[in-house]
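In: sequence first, predicted model second:
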Amino acid sequence: MSPSPSPVLDPAQDRLRHAAAGRVRRARPDLAARYDLDTTEGLLEAQQAVATRAGDGAGEEGTLAAVVVRHVDLAAWVRSTCEFALALDPALARPWRRSFTRTVFLAGNPDNLRERFPFAHTGAGAAWTPPGPDKDTAALRRLLKTFDGPAGPPARPATDILIPAGPGPHGPGGRAARHRDLYLATAGCTLSEALVHLNHILVEAVLDGLIAPGERLTLRQIPRLTGIEAPFAALRVVAEPHRRGRLKAAAALTEEIPPCPQ
């Protein structure tokens, strides 16, 4: 009887699984103990547990932020998202990180809502509520519809974005300003999905100390995150919608880019 064939190794899928598992372990080590994060199936089960709140633990309330979106310019939105995350009180940021920076995007005009709802940050045609229990944003979510951007992100050349220097509790203070590339995979990606992917990778990078005030990001929109030689400091990994059991990179933040020699 001939031996069973060895499983086909896929280094790219292994890399994506490793990145996704690292995100779960950092935010929820308890989930890492309950699910096999070395397999795609285990990762997806852990993600489903978070989505259905089954993984929150007994008596633990999930944390949510809401963003009211009037219009979107991705470069300005990236900058404003980082500003919001950099200014967060750690007491609010910690439970939100544990809830995997869960965020809902709502369609509306922030100018018409300022007096009724407490926003933590406004800018780039959007307004962010502070992260908190679901009930804190229930009235706002009942009032507004989910933001719907079914078309893809508008094409744009590589764009430099300077993160403003200012007071804030997150990120190492006093370090030399860094430059990183921020990639967004646009093939099959709607504008709504782009906001979700960029929100997670940016906010978590800020909370993990990868992005600090005064630093520079270069937003690069490309069809797929393949063939990039620069090492990644963070990856946003999601399931391939039409390929069962496969993962794909939706967004990425590179390691620090050394300055060009003078």
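Out: All right, it came through fine.
In: now do the strands in the stretch 51-200 of the chain.
Out: Taking DSSP state E, counting those that start in this stretch, the strands of the stretch 51-200 of the chain run over residues 63-69, 103-107, 121-123, 126-128, 132-133, 159-162, 179-185.
In: got CSV for those strands, with distance to Asp89, mean pLDDT and mean neighbour count too?
Out: For every residue, glycine as well, the C-beta is placed using N, CA and C. Below are those laid out as CSV (distance: least, C-beta to C-beta, whole Å; pLDDT from 0 to 100; neighbours: other C-beta atoms under 10 Å):
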stretch, distance to Asp89, mean pLDDT, mean neighbour count
strand 63-69, 13, 97, 24
strand 103-107, 17, 98, 18
strand 121-123, 12, 96, 17
strand 126-128, 13, 98, 25
strand 132-133, 11, 96, 15
strand 159-162, 24, 98, 14
strand 179-185, 25, 98, 21
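In: let's have these in CSV, adding distance to Glu215.
Out: Formatted as CSV, the strands of the stretch 51-200 of the chain follow (distance: least, C-beta to C-beta, whole Å):
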stretch, distance to Glu215
strand 63-69, 22
strand 103-107, 22
strand 121-123, 17
strand 126-128, 20
strand 132-133, 28
strand 159-162, 8
strand 179-185, 7
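In: tell me which of these sits nearest to Val24.
Out: Proximity to Val24 (C-beta to C-beta) singles out strand 63-69 among these, at 16.4 Å.
In: partner strands of that closest one and their direction?
Out: strand 103-107 (parallel), strand 126-128 (antiparallel), strand 132-133 (antiparallel) (DSSP bridges).
In: of all the ones you listed, which one is nearest Leu195?
Out: Taking the strands paired with strand 63-69 one by one with C-beta to C-beta, strand 103-107 is closest: 5.5 Å.
In: what is the burial count for Gly108?
Out: Gly108: 19 surrounding residues under other C-beta atoms under 10 Å.
In: that older thread, can you redo the strands paired with strand 63-69 as CSV with distance to Arg34?
Out: Written out in CSV, the entries for those read as follows (distance: least, C-beta to C-beta, whole Å):
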stretch, distance to Arg34
strand 103-107, 24
strand 126-128, 31
strand 132-133, 24
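In: closest one to Leu140 among those strands?
Out: Set against Leu140 and scored by C-beta to C-beta, the strands paired with strand 63-69 come closest in strand 103-107, at 6.8 Å.
In: any residues touching that closest one, and which ones?
Out: Contacts of strand 103-107 with the rest of the structure, by C-beta atoms under 8 Å, 6 or more residues apart in numbering, involve 64-70, 137, 140-141, 144-148, 192, 195-196, 199-200, 203.
In: derive a PyMOL selection command for the buried subset of the residues you listed.
Out: Here is the PyMOL command that selects the buried residues among the contacts of strand 103-107 (16 or more other C-beta atoms under 10 Å):
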select buried, resi 64+65+66+67+68+69+137+140+144+147+192+195+196+199+200+203
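In: can you map out the helices along the stretch 101-250 of the chain?
Out: With DSSP state H, counting those that start in this stretch applied, the stretch 101-250 of the chain shows helices at 138-143, 191-207, listed in chain order.
In: want to throw these into a markdown table with distance to His18?
Out: Written out in a markdown table, the entries for those read as follows (distance: least, C-beta to C-beta, whole Å):
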| stretch | distance to His18 |
| --- | --- |
| helix 138-143 | 35 |
| helix 191-207 | 16 |
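In: out of those, which gets nearest to His121?
Out: Comparing the helices of the stretch 101-250 of the chain against His121 with C-beta to C-beta, the closest turns out to be helix 191-207 (11.7 Å).
In: could you give the mean pLDDT of the helix or strand encompassing Ala12?
Out: When elements are defined using DSSP states H and E, Ala12 is found to belong to helix 11-27. The average of the pLDDT scores along helix 11-27 is 90.
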